[in-house]
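Colleague: the following comprises the amino acid sequence and a computationally predicted model.
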Amino acid sequence: MFYIGCHLSSSGGYLAMGKQASEIGANTFQFFTRNPRGGAVKKFDPDDAAALVSYMKEHDFGKIVAHAPYTLNPASAEAKTREFADMVFADDIAILEHIPGSLYNFHPGSHVGQGVDVGIKYILEMLNKNMFSGMKTTVLLETMSGKGSEIGATFEELRTIIDGCEYKEHLGVCLDTCHISDGGYDVGDGLDETLEEFDKVIGLKRLHAIHLNDSKNPQGSHKDRHEKIGKGFIGLENIERIINHKYLADLPFELETPNELEGYAAEIELLKGLRK
Ligand code: FE
Ligand code: FE
Ligand code: ZN
C-alpha cells in the first residue's frame, strides 16, 4: 500500500482532516497539534478524535503524524522554555493516546550554544519524564538540516538520544528528505548508501515516517528551505526512487512542500503515477 499525504490545517478538527485528506487523494496526513509558532491548543474533543479513528479504518488510512509546534525546544538553555516543552509534550501525548498508533514527531531541539551533550541531556529529561510504558503513541525524532545549533542533523546524534531513552520501544525517527540532504546526506545516486548508514547507526526498524520534500538548496547547505516536488535540488527522478525504495515504500510519506491544497492534490497524483 502506498501511504501518501500532506500537512493539513487542524483548524476544522480531527474528522475534518480525514475527510479533507480523502478529497485530495491522500490516505494519511500530518497536522500541527497546536499553533506551530505558539502553543495554544483548542479544547480537545474526544468524540471528534474517535470519529477520525473510525473514518481512518473505513477508508484504509495509514498512520498519521502529529507535528509538535516549532516553539517546542526541550534543549533550550532557558528553564522556562524547557518547562513549556515539557508541558506541550505531555499534553500532546495525552491527546494522541485517543488516536492509538499515531506518530508524534518533534524537532529534537537547538542547544543554542550550550553544546550538543547538554542539549541531549535536556531532551532526554523531557522524554524520560513524559513517555511511559504501554503508551500507544510512537514518538519520532525528526532528522534535521543542521541550521543554527539544531541537534539531530546526524544519525549519530539521533542514536545518542535513542540510547538514553528509557522507553525506546516507543521512540523512532521521521526522515525528512530535504533536511537530510541539507544535512549533507546523499538522497540521489547515494540513496542506498545513505539508508545503509541509517540502518547501521540507528536501525531501519526505528524509521516510521518520511517527510517527502524537495530542497531549494544543494546537498550540505544546512538551510532547511523546502521546495515543491521535482522543482528543487533533489529532483523528480530521485524522489521517484525514494518512494519506491524497498526500505521506505511501506512507510507513510507526508508532503511538507510549499503548497496550498490544490498543489498538494497535484503532487499526490503525480507521486501515485510514479509509484511502482
Ligand atoms: Fe518538522
Ligand atoms: Fe519535516
Ligand atoms: Zn523543514
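Modeller: Thanks, I have it. Ligands and ions are numbered 1, 2, ... in the order given.
Colleague: got phi/psi on residue 71?
Modeller: Here is the backbone geometry of residue 71 (degrees, to the nearest 10): phi -80, psi -10.
Colleague: please tell me how far it sits from residue 40.
Modeller: Taking Cβ to Cβ, to the nearest Å as the criterion, residue 71 is separated from residue 40 by 11 Å. Bear in mind the C-beta positions are built from the backbone N, C-alpha and C, glycine included.
Colleague: and these two? which has more neighbours close in?
Modeller: With other Cβ atoms under 10 Å as the criterion, residue 71 and residue 40 differ in neighbour count, and residue 71 comes out ahead with 15 against 7.
Colleague: mind pulling up the pLDDT for that one?
Modeller: Each residue has a pLDDT score; the one for residue 71 is 94.
Colleague: before we move on, what about residue 36?
Modeller: Taken from the predicted model, the pLDDT recorded for residue 36 is 80.
Colleague: Three-state assignment for it, please.
Modeller: Under the three-state scheme (DSSP: H, G, I helix; E, B strand; the rest coil), the conformation of residue 36 reads as coil.
Colleague: contact partners for it?
Modeller: Shown here is residue 36, whose contacts under the criterion Cβ atoms under 8 Å, 6 or more residues apart in numbering are 67, 69, 70, 71.
Colleague: list phi and psi for residue 95.
Modeller: Note on residue 95: backbone dihedrals following degrees, to the nearest 10 are phi -70, psi -50.
Colleague: could you find the closest non-adjacent residue to it?
Modeller: Taking Cβ to Cβ, 6 or more residues apart in numbering as the measure, residue 95 lies nearest to residue 44, with 5.2 Å between them; neighbours along the chain are not counted.
Colleague: what's the answer for residue 107, then?
Modeller: In space, not counting the residues next to it along the chain, residue 107 is nearest to residue 142; the distance is 5.4 Å by Cβ to Cβ, 6+ apart.
Colleague: any regions of the stretch 1-150 of the chain where pLDDT drops low?
Modeller: Counting by pLDDT under 70, the stretch 1-150 of the chain shows no low-confidence range.
Colleague: residue ranges of the strands in the stretch 151-276 of the chain, please?
Modeller: 171-176, 207-212, 214-215, 226-227, 253-255 (DSSP state E, counting those that start in this stretch).
Colleague: so which elements touch the first one?
Modeller: Spelled out, that is strand 171-176. strand 103-106, strand 138-142, helix 155-164, strand 207-212 (3 or more Cβ pairs under 8 Å, 6 or more residues apart in numbering; DSSP states H and E).
Colleague: pull the CA atoms of the longest one into PDB?
Modeller: Taking C-alpha atoms only, helix 155-164 is exported to PDB below (Å, rounded to 0.1, in the frame of the first residue of the first chain):
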ATOM      1  CA  PHE A 155      22.200   9.900  12.500                       C
ATOM      2  CA  GLU A 156      24.700   9.600  15.400                       C
ATOM      3  CA  GLU A 157      23.100  12.400  17.400                       C
ATOM      4  CA  LEU A 158      19.700  10.800  17.000                       C
ATOM      5  CA  ARG A 159      21.200   7.400  18.000                       C
ATOM      6  CA  THR A 160      22.600   9.000  21.200                       C
ATOM      7  CA  ILE A 161      19.100  10.300  22.100                       C
ATOM      8  CA  ILE A 162      17.600   6.900  21.500                       C
ATOM      9  CA  ASP A 163      20.300   5.200  23.600                       C
ATOM     10  CA  GLY A 164      19.500   7.400  26.600                       C
END
